[in-house]
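# Sequence below, structure please.
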Amino acid sequence: MAKKIPLRVCTGCGESKPKKEMIRVLKTPEEEIVLDATGKKNGRGAYICCSADCLSKSIKSKGLERSLRVKIPVELLEDLEKELILLESGNKKGI
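Predicted coordinates for the structure are as follows:
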């Protein structure tokens, strides 16, 4: 029997994709918002595609805030965007 691939919905574009193709944004028990590249840290998570476009869509539609059930400060969103851009460029180099 084929192994079931876990799918997650992007809070930006709304597409369902395999969990491994997405980046998890996490609200830790200490109320911090961080990118979780491993997908294994404790806390409430929301998923976005590995693109800055999806992050900005998610910010505009407040999808990320709804999923994490928290108001995210602008500075933190800018930091997340910078981190995602670094991850995005790192992924392209690895291909």
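# Okay, strands next: where are they in this structure?
Using DSSP state E, the strands of the chain run over 7-9, 16-18, 22-27, 33-36, 44-49.
# ok, of those strands, where does mean pLDDT dip lowest?
The minimum mean pLDDT among the strands of the chain belongs to strand 33-36 (a mean of 86).
# Name the residues of it that are buried.
Of the residues in strand 33-36, Ile33, Val34, Leu35, Asp36 count as buried by neighbour count, 16 or more other Cβ atoms under 10 Å. Backbone N, C-alpha and C define where each C-beta goes, glycine included.
# returning to that earlier point: distance to Leu68 added to the strands of the chain, as CSV?
Listed next are the strands of the chain as CSV, based on distance: least, Cβ to Cβ, whole Å:
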stretch, distance to Leu68
strand 7-9, 14
strand 16-18, 19
strand 22-27, 4
strand 33-36, 7
strand 44-49, 5
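# Out of those strands, the one nearest Asp79 is which?
strand 33-36 (8.8 Å; Cβ to Cβ).
# Now do the least confident helix or strand in the chain by mean pLDDT against strand 44-49, angle only.
Lowest on mean pLDDT, DSSP states H and E among the helices and strands of the chain sits helix 74-94, with a mean of 77. For helix 74-94 against strand 44-49, the angle by axes from the mean of the first three to the mean of the last three Cα atoms, to 10 degrees is 50 degrees.
# Quantify the burial of Ser58 by counting its neighbouring residues.
Using other Cβ atoms under 10 Å, Ser58 is surrounded by 26 other residues.
# so what pLDDT did it get?
With respect to pLDDT, Ser58 scores 90.
# Contact partners for the closest residue in space to Gly12 that isn't next to it in sequence?
Closest residue to Gly12 apart from its sequence neighbours, by Cβ to Cβ, 6 or more residues apart in numbering: Cys54 at 3.1 Å. Going by Cβ atoms under 8 Å, 6 or more residues apart in numbering, Cys54 touches Cys10, Thr11, Gly12, Cys13, Ile48.
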